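[1] Sequence first, predicted model second:
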2 protein chains.
Amino acid sequence: LKIPGYTLDLGKVINKINSKEIKNIIIQIPEGLKIHFSRIVEKLESETDSNIIISGDPCFGACDLIDNKFKKIEIELIIQIGHTPIPSLKKYSSKTEYINAESDIDVSDVIMKAMPIIDKEKIGLVTTAQHIHMLKKVETLLKENNFKPIIGRGDKRIFYPGQIIGCNFTSASSVKNKVDTFLFIGSGSFHPIGLLMATEKPVIACDPYTKEVRIRELNDFKDMILRQRYGAIARSTNAKKFGIIIGAKIGQQRLERALEIKKLLKDNNKKAYLISMEYINSSILESYLDIDCFISTACPRIAIDDYMQYKTPIITPVELEILLKEKKWEEYKFDEIFE
Amino acid sequence: LKIPGYTLDLGKVINKINSKEIKNIIIQIPEGLKIHFSRIVEKLESETDSNIIISGDPCFGACDLIDNKFKKIEIELIIQIGHTPIPSLKKYSSKTEYINAESDIDVSDVIMKAMPIIDKEKIGLVTTAQHIHMLKKVETLLKENNFKPIIGRGDKRIFYPGQIIGCNFTSASSVKNKVDTFLFIGSGSFHPIGLLMATEKPVIACDPYTKEVRIRELNDFKDMILRQRYGAIARSTNAKKFGIIIGAKIGQQRLERALEIKKLLKDNNKKAYLISMEYINSSILESYLDIDCFISTACPRIAIDDYMQYKTPIITPVELEILLKEKKWEEYKFDEIFE
């Protein structure tokens, strides 16, 4: 199915629905693609004999596994659009079929534009799900131009070689000692900055939409984020009551880490409360007037992306360790999920 | 446990935790009581040997049943504060203990203030969970003053005689032919207006906090809401694409009603899409640019309470029937959940 800007390969899932005579289906669509929901639903309803229910709750990643919660029908299939599987969650996603949304944009232009700037030979190639099908082409292009592209394999949380997700950069860090620089293909700043912080290697970000090639801006942005993080830790120095946020979504749960943190805080004579949440945002945290500092063990983006929105500081587990002087600021690590 | 304004009887649940050696507990606290979360958690942690996890997602009623979703621990007990059980959901709430938050306020003052205004004899008494423990006292007071108070029993969705909830007024409607007027004890306008609309009997609302006694204001408010509802239907006359919202929360699911509505719309040559949602609000619905009108089969308050916030009209199932001329405006009914 073609939707503006993307191609969804629904053939396999349509065959599965028809051959297994699947009746009840939930479909998860990320916010950015939700405007095209009717095309997707109509395609599935016209080619199969199933009931499609759209999951209206926001879906930000493959970590957001849902299950049948209906009293009166059994959901036999969950289709998640726009994300790739998280292999380590296989046990919890047996009913889920992932359909990647492959961007139609050709990435060659921006790669060609980046080449004169690349003064290193060994290039680690990384990208996000929507451009992953272009990675082979980029590899060939770089080889033709006498570079040595390297595509690393991620850990059990990563499906495709060279793929990074907001909470896991192991496709890059697994090869960081073999490369001079990383070339990131994609838009936005969160992924390339995570990459910078997780690998501590130079990063060239190539945005196929804007055709921008960014290097210095990324480093400036990284420095700004580190200053914010330092500020969030500093603001929490005298905090007495801590709220430890546990992501309720299956793929964000780090319960053991949360319990460890609770113990660490108690050992430091701090009060600590565990709070599990599906949707974490600043307004929902405002009810906890007592809390001086939140620690998010859920999606790492939460503490970092929306920093300015939170009245009460929200920090990552590593940042808490720095706060409690278990670690030094020099040991700062970008929060990643490896389970 | 005393918290400002309320008493929570935690004794029974503490005994249960200790005698069954329960380790892992989730606690649901309504938004209005969340500011007191630390007292509740500390009471439970100090008197038992359990891990308390606060459910940070908003909890608006006993319909919001949650279950164990953690990968690595089993939640053995869910404590829901501030709500009473929904008997018909017993099958789904076997792990849930409900602790009512009983308001400390004495309701006698406002009842005494209301008496001179009551010109009828047979008074149907209704209230919400937080004042339900006062109902006997009010009954006695009214009897002493030569009224005939009547306390009705609700259907399988209602726990206490005389109790109403935002989606079910059967404690009142079951006795409406035996009473001259209803006396509602509680604050806010949603409950007494629902009562007016569901019973079509006069309602006197006594607010124990403000000591206000309202009759005419309620009727004016009801008229305004009916005008809004009429407007929402009128604005949808030419709607072609409908989004049918299914509440994902166990106690709000009316899937059969949703499927009925989908069929009705298809029979009327309209396009219809099913959308299931945990948290329904105006901003989340803005992604569905295609949709001309939403029909909410979830909590009845959603369509009515937040009317002004929605750019796209959101109507109740009965309102859709009026829109499609299956029912007349004169047959308008307040949306209630009876399952």
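    Happy to help now that I have it.
[2] from here on, contacts and neighbour counts on C-alpha atoms
    Will do.
[3] Would you mind listing what in the stretch 101-250 of chain A touches chain B?
    By C-alpha under 8 Å from any C-alpha of the partner chain, the part of the stretch 101-250 of chain A that sits against chain B consists of A:Ala248, A:Lys249, A:Ile250.
[4] Between those residues, which sits nearest B:Gly11?
    A:Ala248 (28.7 Å; C-alpha to C-alpha).
[5] Spit out the contact partners of that closest one.
    Applying C-alpha atoms under 8 Å, 6 or more residues apart in numbering or on different chains to A:Ala248 gives the contacts A:Ser276, A:Met277, A:Glu278, A:Ala298, B:Lys69, B:Phe70.
[6] how near is A:Glu330 to chain B?
    A:Glu330 sits 32 Å away from chain B when distances are taken as C-alpha to the nearest C-alpha, to the nearest Å.
[7] what about that residue, how many neighbours?
    Applying the criterion other C-alpha atoms under 10 Å in any protein chain shown, we find 7 residues in the vicinity of A:Glu330.
[8] For it, give its distance to B:Phe221.
    Here the criterion is C-alpha to C-alpha, to the nearest Å. By it, A:Glu330 lies 62 Å from B:Phe221.
[9] Go ahead and produce PDB holding the CA coordinates of the longest helix along chain A.
    The helix spanning the most residues in chain A, taking DSSP state H as the definition, is helix A:216-235. As requested, the backbone C-alpha atoms of helix A:216-235 are provided in PDB (Å, rounded to 0.1, in the frame of the first residue of the first chain):
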ATOM      1  CA  ARG A 216      29.000  20.900  14.400                       C
ATOM      2  CA  GLU A 217      25.400  21.700  15.100                       C
ATOM      3  CA  LEU A 218      25.000  18.200  16.600                       C
ATOM      4  CA  ASN A 219      27.900  18.700  18.900                       C
ATOM      5  CA  ASP A 220      26.600  22.100  20.000                       C
ATOM      6  CA  PHE A 221      23.200  20.500  20.600                       C
ATOM      7  CA  LYS A 222      24.900  17.600  22.500                       C
ATOM      8  CA  ASP A 223      26.700  20.100  24.700                       C
ATOM      9  CA  MET A 224      23.500  22.000  25.400                       C
ATOM     10  CA  ILE A 225      21.800  18.700  26.400                       C
ATOM     11  CA  LEU A 226      24.700  17.800  28.700                       C
ATOM     12  CA  ARG A 227      24.400  21.200  30.400                       C
ATOM     13  CA  GLN A 228      20.700  20.600  30.900                       C
ATOM     14  CA  ARG A 229      21.400  17.200  32.300                       C
ATOM     15  CA  TYR A 230      24.000  18.700  34.600                       C
ATOM     16  CA  GLY A 231      21.400  21.300  35.600                       C
ATOM     17  CA  ALA A 232      18.800  18.700  36.300                       C
ATOM     18  CA  ILE A 233      21.200  16.800  38.600                       C
ATOM     19  CA  ALA A 234      22.300  20.000  40.300                       C
ATOM     20  CA  ARG A 235      18.700  21.100  41.000                       C
END
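[10] now for that helix, which elements pack on it?
    Of the remaining helices and strands, those touching helix A:216-235 by 3 or more C-alpha pairs under 8 Å, 6 or more residues apart in numbering or on different chains; DSSP states H and E are helix A:190-199, strand A:314-315, helix A:317-323.
[11] Paired strands for the shortest one, with orientation please.
    When pairing is defined by DSSP bridges, strand A:314-315 lines up against strand A:293-296 (parallel).
[12] For the strand it pairs with, buried residues please.
    Under the neighbour-count criterion of 16 or more other C-alpha atoms under 10 Å in any protein chain shown, strand A:293-296 has A:Cys293, A:Phe294, A:Ile295, A:Ser296 buried.
[13] In chain A, which residue is most central in space?
    Chain A has A:Gly166 as the residue nearest its centroid, 2.8 Å off, counting by C-alpha atoms, centre = their mean.
[14] May I have the predicted confidence score for that residue?
    As summarised for this prediction, A:Gly166 has a pLDDT of 94.
[15] can you pull the buried residues of the helix or strand where A:Ser38 lies?
    Assigned by DSSP states H and E, A:Ser38 belongs to helix A:37-47. Buried positions in helix A:37-47, judged by neighbour count with 16+ other C-alpha under 10 Å: A:Phe37, A:Ser38, A:Ile40, A:Val41, A:Leu44.
[16] ok, now which ones touch A:Ile204?
    Under the criterion of C-alpha under 8 Å, 6+ apart, the contact partners of A:Ile204 comprise A:Thr181, A:Phe182, A:Leu183, A:Phe184, A:Val213, A:Arg214, A:Ile215.
[17] where does it fall, helix, sheet strand or coil?
    strand (DSSP: H, G, I helix; E, B strand; the rest coil).
[18] What of A:Tyr273?
    Using three-state DSSP, the secondary structure recorded for A:Tyr273 is strand.
[19] Tell me how far it lies from chain B.
    Taking C-alpha to the nearest C-alpha as the measure, A:Tyr273 and chain B are separated by 7 Å.
[20] Can you tell me the closest non-neighbouring residue to that residue?
    For A:Tyr273, ignoring the flanking residues on the chain, the nearest one in space by C-alpha to C-alpha, 6 or more residues apart in numbering or on different chains is A:Gly243 at 4.9 Å.
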